[in-house]
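# The sequence and its predicted three-dimensional model are supplied below.
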Amino acid sequence: MVRLAAFGVFLVVLHLGRPIVIPILLATLIAISLSKILDLTERGAPHWVAVALACLAAVTVVTGLGFMTTRAATDFALAFGQYRGDFDRLQLESARWLWGHGLAIPATAVEQLDPSELVRGLTVPGLTLALSVVSSGSLVLLITVFLVVESASISRKLAGTERFGSMDVKVLKSAARDVQRYLLIKTVTSAATGLLVAGLTTVVGLGHSLLFGLIAFILNYIPSIGSILASIPAIALCLMTLGWLPTFGLAFGYFLINLVLGILIEPRWAGQATDLSPSVVVLSMVFWGFVLGPIGALLSVPLTIIVRISATQSKEWGWLAMLLSSPRSVARPPTVN
């Protein structure tokens, strides 16, 4: 009971300390993802070379994502006024359709029916989430570089604590390995999704391919519903500017991309890495989203993987590991390599 209360207090601290906790979590996950580069030392590469390559990769990823997100958001904001005529036309056509079907609505209600606000409301949350990641990019990058540079000493310190029985390094390595594999698979599929969406919007003639590609890339990290949320702004804008036929083609293209990558390919690749029940994946998104906000939804699967593997090493929390695990692993006892 005491440990459960302590866990509740810990979650409250996480929720209240989000401005500090989120950059640390992002930096830690990036550092874990870069650990493969640090493994070059096992193949004879000097330690400083591996560290330099890992730091260069971190700087490239964070600054590149920040630059593209800022540029896409700026371009969309500048071009938004160009759609005013399309919004007014759709507004008038909607009113005529309602009047033609006997739905008499006041003129003031028609004026308040502003399609531009709908597009803005659908697009801004995705941009806000992307910009929130970028805005803390400097702090995330600084912490990531520190973790990469200190990786060797951190490993030695963790190994030293094992003598006192306070920490099982094997558990940490197992969690890091599973998180690393999941992030690699998710990043590859998310990048492929973003590139395909960018190409799809270009073919349809919608424009803002970089923007919608980035939204698809970032929101695809949210389990289950991320790819669906990413499609809504583009489909709404296409309907308001290009008409029904291009919108149908765009929606069908989104459906094919999500079917192939999100339903057929990714679960096959990521299933063994996560070893989480499908229902747990959805519930973890809601839980971590509540605790850490939108970034928590992005990080929900890696965080739950860490919780599951940690719980397998405790007799008191073994039941939690069993509940979080996928059905195929319930029949076998949890092991840590």
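That came in fine, so what should we check first?
# need the helices for the stretch 1-150 of the chain, in chain order.
Here the stretch 1-150 of the chain has its helices, by DSSP state H, counting those that start in this stretch, at 2-16, 18-33, 35-38, 47-79, 84-100, 107-112, 115-135, 137-149.
# mean pLDDT lowest for which of those?
Across the helices of the stretch 1-150 of the chain, helix 107-112 has the smallest mean pLDDT, namely a mean of 50.
# and Leu11, how many residues sit next to it?
Counted with other Cβ atoms under 10 Å, the neighbours of Leu11 add up to 15. Using the backbone N, CA and C atoms, a C-beta is placed for each residue, glycine as well.
# Just list the residues touching it, thanks.
Val291 (Cβ atoms under 8 Å, 6 or more residues apart in numbering).
# for Val234, helix, strand, or coil?
Actually, residue 234 is Ala. It isn't Val. Here Ala234 is recorded as helix under DSSP: H, G, I helix; E, B strand; the rest coil.
# I'd say Ala251 and Ser231 touch.
Yes: between Ala251 and Ser231 there is a contact under Cβ atoms under 8 Å: 7.2 Å.
# Which one's more surrounded, the two?
A count of neighbours by other Cβ under 10 Å puts Ser231 above the other of Ala251 and Ser231, at 22 against 15.
# out of everything not next to it in sequence, what's closest to the more buried one?
Tyr254 (4.2 Å; Cβ to Cβ, 6 or more residues apart in numbering).
# wait, what's in contact with that neighbour?
By Cβ under 8 Å, 6+ apart, the contact set of Tyr254 is Val197, Leu200, Ser227, Ser231, Ala234, Ile235.
# Please produce JSON lines containing those residues, extended by pLDDT and distance to Ile37.
Output for these, formatted as JSON lines (pLDDT from 0 to 100; distance: Cβ to Cβ, whole Å):
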{"residue": "Val197", "pLDDT": "95", "distance to Ile37": "29"}
{"residue": "Leu200", "pLDDT": "94", "distance to Ile37": "33"}
{"residue": "Ser227", "pLDDT": "87", "distance to Ile37": "29"}
{"residue": "Ser231", "pLDDT": "91", "distance to Ile37": "34"}
{"residue": "Ala234", "pLDDT": "89", "distance to Ile37": "35"}
{"residue": "Ile235", "pLDDT": "90", "distance to Ile37": "39"}
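# Who wins on neighbours among these?
The residue in the contacts of Tyr254 with the most neighbours, by other Cβ under 10 Å, is Ala234 (29 neighbours).
# so that one makes contact with Thr201?
Yes: between Ala234 and Thr201 a contact is recorded at 6.0 Å, counting by Cβ under 8 Å.
# Which residues are in contact with each of these two?
When Cβ under 8 Å, 6+ apart defines a contact, the residues bordering Ala234 and Thr201 alike are Phe212, Leu250.
# rewinding a little: I'd like to know how far the residue nearest to Ser231 sits from Gln180.
As judged by Cβ to Cβ, to the nearest Å, Tyr254 and Gln180 stand 29 Å apart.
# can you check Leu292 too?
Counting by Cβ to Cβ, the separation of Leu292 from Gln180 is 21 Å.
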